[in-house]
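> Okay, here's the prediction I keep looking at, along with the sequence it came from:
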Amino acid sequence: VYLVESGGGLVQAGGSLRLSCAASGRIFSINDMAWYRQAPGNGRELVAVISSIGSTNYADSVKGRFTISRDNAKNAVSLQMNSLKPEDAAVYYCNARVSMYRGVGYRDYWGQGTQVTVSS
């Protein structure tokens, strides 16, 4: 299973970016999909998560500014980030909980990370 992210980059404070992630490989089913981030010197933190039926949860720091969505037909998840702040700068990682075969349990897979830089 491979997760490939795209969409990071440099943006001014107050601007927007959209991150995308597509899962490929041997996939029977995907449960939750999520975005995490890690800034220098910090641990990896959950930004947003979306279930297979579309239920979402967000970190308090991004509520009202970020929106997570997914396309189950494409095994893809996106993160629309608006009103970006310098403290949002981090490496963003895509995560998916995947079952590769019917009857086999789920395990976590990660993307390689994409850098988001926000200038003040």
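Looks like it arrived, so ask away. Residues are numbered from 1 along each chain as shown.
> Does the most centrally placed residue in the chain have any beta-bridge partners, and if so which?
Centroid-nearest residue in the chain: Trp35, 2.5 Å away (criterion: Cα atoms, centre = their mean). Beta-bridge pairing for Trp35 (DSSP bridges): Ala48, Cys94.
> Also Arg107?
Bridge pairing for Arg107 - DSSP bridges - gives Val98.
> okay but it is in contact with Ala96, surely?
No: look at Arg107 against Ala96 with Cβ atoms under 8 Å: they stay out of range, at 9.7 Å. Every C-beta, even on glycine, is put in place using the N, C-alpha and C of the backbone.
> okay, and the common contacts of these two?
With contacts taken as Cβ atoms under 8 Å, 6 or more residues apart in numbering, Arg107 and Ala96 have no neighbour in common.
> and the gap between the residue located most distally from the centre of the chain and Ser29?
Outermost residue of the chain with respect to the C-alpha centroid, by Cα atoms, centre = their mean, is Gly103; its distance is 26.2 Å. According to Cβ to Cβ, to the nearest Å, Gly103 and Ser29 sit 11 Å apart.
> From Phe28, how far out is the residue nearest to the centre of the chain?
23 Å.
> same thing with Asp108?
Relative to Phe28, and taking Cβ to Cβ, Asp108 is found at 15 Å.
> Output the below-cut-off pLDDT ranges for the chain.
The chain contains no residues with pLDDT under 70.
> residue ranges of the strands in it, please?
2-6, 9-12, 17-24, 29-38, 45-50, 56-58, 66-71, 76-81, 90-99, 107-110, 114-119 (DSSP state E).
> What residues sit buried inside the fifth one?
What it means is strand 45-50. Val47, Ala48, Val49, Ile50 (16 or more other Cβ atoms under 10 Å).
> again with the shortest one
When burial is assessed from 16+ other Cβ under 10 Å, strand 56-58 yields the following buried residues: Tyr58.
> What are the contacting residues of that strand?
Contacts of strand 56-58 (Cβ under 8 Å, 6+ apart): Val47, Ala48, Val49, Ile50, Phe66, Ile68.
> Against Glu87, how distant is the closest residue to the first one other than its chain neighbours?
Leaving aside its chain neighbours, Val47 sits nearest to Trp35 (4.5 Å; criterion: Cβ to Cβ, 6 or more residues apart in numbering). Using Cβ to Cβ, we find Trp35 at a distance of 16 Å from Glu87.
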